[in-house]
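**Q** sharing a sequence plus its predicted fold:
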Amino acid sequence: MSNQQSTVEFGLRAVQFSRLTRRGILLGLSLPQLIVLAVGVLSIVGALYAGGGILLTWTAPIWLLSAALAWTPVGGRKLIEWVPVTFRWVARTQARQTVFRRRIVKPRPAGTLALPGDAAALREWEDPETWAAMIHDPHNQTLTAIIAVSHPAFVLLDPSEQERRVATWGRVLAT
């Protein structure tokens, strides 16, 4: 195993998030959809009561925009659900917060495993001659080895003989 640092630059990788929730508050509509539709319906009702058909045409941009925001899908979301995402992006762009100060993607050292907690200290090694896989645990000071052993008639042996051979191999590997 070499301890040299890799000079390979890692680019940004696409991230796949979980599916968006599809449950709604009323008739499968989310809260932002209901709010924007309420604005549209209130503009229609107010226009009909205040001025009739002519005022309905004057308020058409409001209720048409409300309907478009509530029901037009873009990228798996409705337009109204993109509004907070867009505002946050614009705010971060204006504040010049578009570059991370720390590197997000960094390579793991060779031979290490991506495990949480104390198990993160485990190291793996593979012997190129015997193809034995070994896991070293520095906390418990153990070395676990796994090696493939094949015998053409192992399955045909009786269970006690199979057990004896497995135990013998265990003693051989323990030495």
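**A** Yep, that arrived. Computed from a predicted structure; not experimentally measured.

**Q** tell me where this protein has helices.
**A** Ranges of helices in the chain, per DSSP state H, are 31-50, 53-58, 60-71, 79-94, 159-174.

**Q** dump these to a markdown table, plus mean pLDDT.
**A** As requested, the helices of the chain are exported to a markdown table (pLDDT from 0 to 100):
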| stretch | mean pLDDT |
| --- | --- |
| helix 31-50 | 91 |
| helix 53-58 | 86 |
| helix 60-71 | 91 |
| helix 79-94 | 91 |
| helix 159-174 | 84 |
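
**Q** tell me which of those sits nearest to Val15.
**A** Nearest of the helices of the chain to Val15, taken as CB to CB: helix 79-94 at 14.5 Å. C-betas here are computed from N, CA, C, even on glycine.

**Q** ok, and for that closest one, which residues are buried?
**A** Buried residues in helix 79-94, defined by neighbour count with 16 or more other CB atoms under 10 Å: 79-82.

**Q** let me know the angle separating it from helix 31-50.
**A** 110 degrees (axes from the mean of the first three to the mean of the last three CA atoms, to 10 degrees).

**Q** can you tell me what sits against helix 79-94?
**A** With contact meaning CB atoms under 8 Å, 6 or more residues apart in numbering, helix 79-94 is reached by 30, 32-33, 36, 68-70, 72-75, 98.
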